[in-house]
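**Student:** can't give you the sequence, but here's the structure:
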């Protein structure tokens, strides 16, 4: 049982839809992350939040919009996506997200997104 | 810029045989090195890490990895493979005090353990 829960597990959306991915962590961590996983590519870090503040936006298109209302919850709002955005979106958390943080990342099981 | 190379897309090994999954890295400064495993329809799970100290690191499920600074490698090993070890394995590196904003993952190696 993972300490990081992602919903929904699967999502199919049209290019004109608006949807949101949700992530919740029950580990008391201070840092949360969104990653994109595509086949045959390294994991791509999208966003980092540390103590609710966004500390990294890895040149992600504006059609992806993150929200972190508190240290336990993270959202990824999606609008006017493209078919190439189809991928597995993984949420993760870590102890403090600071520069010396080498604690393991804890991942959720991901949301499999298909854009039609 | 830092990078991680996992030269093999897939490794096949017979059950009971030793297994090795290779990883080499490039980073300025001292590296923090990690191995994660991903089972089908799951997120990544932490296996082990090297921060400092003993070059041989032991982790979950009987896995271990050896840090070799001169060869800039951090290969994952297990003395006797199980069918249940079949999964996707990822190596990752962070520059010392770079934080997770600067983590780099490899492309993954699929391990297939044959009964």
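**Tutor:** Yep, it's here. Not measured: the values here are computed from a predicted model.
**Student:** the strands in chain A, which residues?
**Tutor:** In chain A, the strands defined using DSSP state E lie at A:4-7, A:10-13, A:18-25, A:31-37, A:44-50, A:53-57, A:64-70, A:73-79, A:87-94, A:106-107, A:111-115.
**Student:** quick one: distance of the fifth one to the chain centre.
**Tutor:** For strand A:44-50, the gap between its own C-alpha mean and the chain's C-alpha mean amounts to 7 Å (C-alpha atoms, centre = their mean, to the nearest Å).
**Student:** likewise the last one?
**Tutor:** Strand A:111-115 has its average C-alpha position 12 Å from the chain's average C-alpha position, going by C-alpha atoms, centre = their mean.
**Student:** following element in sequence after the lowest-mean-pLDDT helix or strand in chain B, please.
**Tutor:** Ranked by mean pLDDT, DSSP states H and E, the helix or strand of chain B with the weakest confidence is strand B:104-105, at a mean of 90. Remark: after strand B:104-105, the chain's next helix or strand is strand B:109-114, criterion DSSP states H and E.
**Student:** which strands and helices sit next to that following strand?
**Tutor:** strand B:10-14, strand B:19-21, strand B:87-95 (3 or more C-beta pairs under 8 Å, 6 or more residues apart in numbering or on different chains; DSSP states H and E). For glycine as for every other residue, the C-beta is placed from the backbone atoms N, C-alpha and C.
**Student:** hang on, the earlier thing: ok, which of the strands of chain A comes nearest chain B?
**Tutor:** strand A:106-107 (3.2 Å; C-beta to the nearest C-beta).
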